[in-house]
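Student: Sequence first, predicted coordinates after that:
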Amino acid sequence: MVTAALYARAGFHSQARACCEFTAEVSTEVFIGCGNYAACGVDSSNGLPAGRHCPPPRGVVSPVYSTPMSSVIDVTDLVKRYGDLTAVDGVSFSVEQGEIFGFLGPNGAGKTTTLEMLEGLTIPTSGSARVLGDDIVRDSRRIRARIGVQLQATALPMYTKVSEAVDLFGALYANSRTTSDLLTEFDLTEKAGAYANKLSGGQMQRLSIALALVNDPELVFLDEPTTGLDPQARLNLWAVIGGIRKRGRTVMLTSHYMEEAERLCDRVAVMDKGKIVALGTPLELITRHAPGTTVEFALPHGVDAAVFARIAGVDRVDATDQIITMHTTAAETVLRALLDPTAPWARSAPGSPGDSTIRDLRVHQGTLEDVFITMTGRTLRS
């Protein structure tokens, strides 16, 4: 669960105040090192509070913008260790302005830890990174004023109404979008008076993204935004994410779903065991690591798989029970031979003259999931 103290110490002032004002449990400890005033005594060497107290912030200080940068994010040899565990192991990549960049991989691959370092929630063990032209350690306060973050889990105080949450978060920024604008964009107008804890999973995810965009950020981090949603809600949220990019914003997201990345992302990085094992556009990765076509069909009478391995253009044949799977980079040639009515496997099924015994024929082109399996040898949900 996200707490006010965590938000405040990380520098996300709006979230901290939202947690505090609704519960009326504000304490000076929550605002230690919040980053809004010089009186905080923030340690400039690592961005962490030096222990001095400051009054509750009434709004985010207008950011001091850096000189123009070639990339929105530049990461070089970034490492994060927790004791003997290396969560992120020397990753390097860049994200260009206006693109949707995806981090893909199984649980524990290092995706979320990488995002937390870029967001200023976690200090890297070694390596360096710049976000919006600023160093993630030295300039973390300035970065946080210019980004939006949707965490894996969003927790709002009990009995918070949708419009109240957006109003409050917006009031804490010097420049913010109107509540009505955000509710309209995220299709939450009819739920404006509803309690947030009564929303469906998809509605809550849309609200959490709306709160991340309340300050009209230049860069938006979305950590597994569609996990746990049904297919309809997932499709709806894909449209929302595409709309963020249409507004000229840059999006960096993590996901377990390869189809999601293939539909949304301009470029993706596949992570496994803390390392980036593949990086490029979806088409580049598929062409490079999964260029072939898979032809799958059922043979009730059980023809020997070796027969199909002799078809010109077939690279490999897998047989499971009565399912034959052929892998090829010459799909047209293979399909022509497979559907040849004179072929020995094309005899009629017993009792059904003229019917082919090849049934449930399916042709699949390579996907990002094929890329992942090729690179790591395991599925995304392992």
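Tutor: Looks like it arrived, so ask away.

Student: Specify the beta-bridge partners of the residue positioned nearest the centre of the chain.
Tutor: The residue lying closest to the centre of the chain (Cα atoms, centre = their mean) is Thr254, at 2.0 Å. Residues in a beta bridge with Thr254, per DSSP bridges, are Phe103, Asp223.

Student: For the strand or helix carrying Asn236, name the packing helices and strands.
Tutor: According to DSSP states H and E, Asn236 maps onto helix 231-246. Packing partners of helix 231-246 (3 or more Cβ pairs under 8 Å, 6 or more residues apart in numbering; DSSP states H and E): helix 201-212, strand 250-255, helix 258-264. C-beta here means a position set from N, CA and C on the backbone, and glycine is covered the same way.

Student: same question for that helix, mean pLDDT?
Tutor: Averaged over helix 231-246, pLDDT sits at 89.

Student: angle of that helix against strand 250-255?
Tutor: 150 degrees (axes from the mean of the first three to the mean of the last three Cα atoms, to 10 degrees).

Student: Helix 231-246 vs helix 201-212, what angle?
Tutor: Using the same axes, to 10 degrees: helix 231-246 against helix 201-212 is 20 degrees.

Student: before we move on, the earlier item: as CSV, the helices and strands packed on helix 231-246 with mean pLDDT and distance to Ala312 would be great.
Tutor: Output for the helices and strands packed on helix 231-246, formatted as CSV (pLDDT from 0 to 100; distance: least, Cβ to Cβ, whole Å):
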stretch, mean pLDDT, distance to Ala312
helix 201-212, 91, 49
strand 250-255, 94, 39
helix 258-264, 91, 31
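
Student: nearest to Leu237, of the ones you listed?
Tutor: If you check each of the helices and strands packed on helix 231-246 against Leu237 by Cβ to Cβ, helix 201-212 wins as the nearest, at 5.9 Å.

Student: what comes into contact with the helix holding Asn236?
Tutor: With contact meaning Cβ atoms under 8 Å, 6 or more residues apart in numbering, helix 231-246 is reached by 98-100, 185-187, 200-202, 205-206, 209, 213, 220, 222, 225-226, 229, 251, 253, 257, 260, 263-264.

Student: ok, now stretch 326-336?
Tutor: So stretch 326-336 is contacted by 291-296, 308, 311-318, 338, 363 (Cβ under 8 Å, 6+ apart).

Student: Which of those residues fall within strands?
Tutor: Under the assignment DSSP state E, these contribute 293-296, 314-318, 363 to strands.

Student: Now pLDDT and neighbour count too, for these, in a markdown table please.
Tutor: Putting these into a markdown table (pLDDT from 0 to 100; neighbours: other Cβ atoms under 10 Å) gives the following:
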| residue | pLDDT | neighbour count |
| --- | --- | --- |
| Thr293 | 89 | 20 |
| Thr294 | 90 | 19 |
| Val295 | 92 | 22 |
| Glu296 | 92 | 16 |
| Val314 | 92 | 19 |
| Asp315 | 90 | 13 |
| Arg316 | 89 | 11 |
| Val317 | 90 | 19 |
| Asp318 | 87 | 12 |
| Val363 | 92 | 14 |
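
Student: Out of those residues, which is nearest to Lys80?
Tutor: Distance to Lys80 across the ones in strands among the contacts of stretch 326-336 (Cβ to Cβ) is lowest for Thr294, with 37.4 Å.
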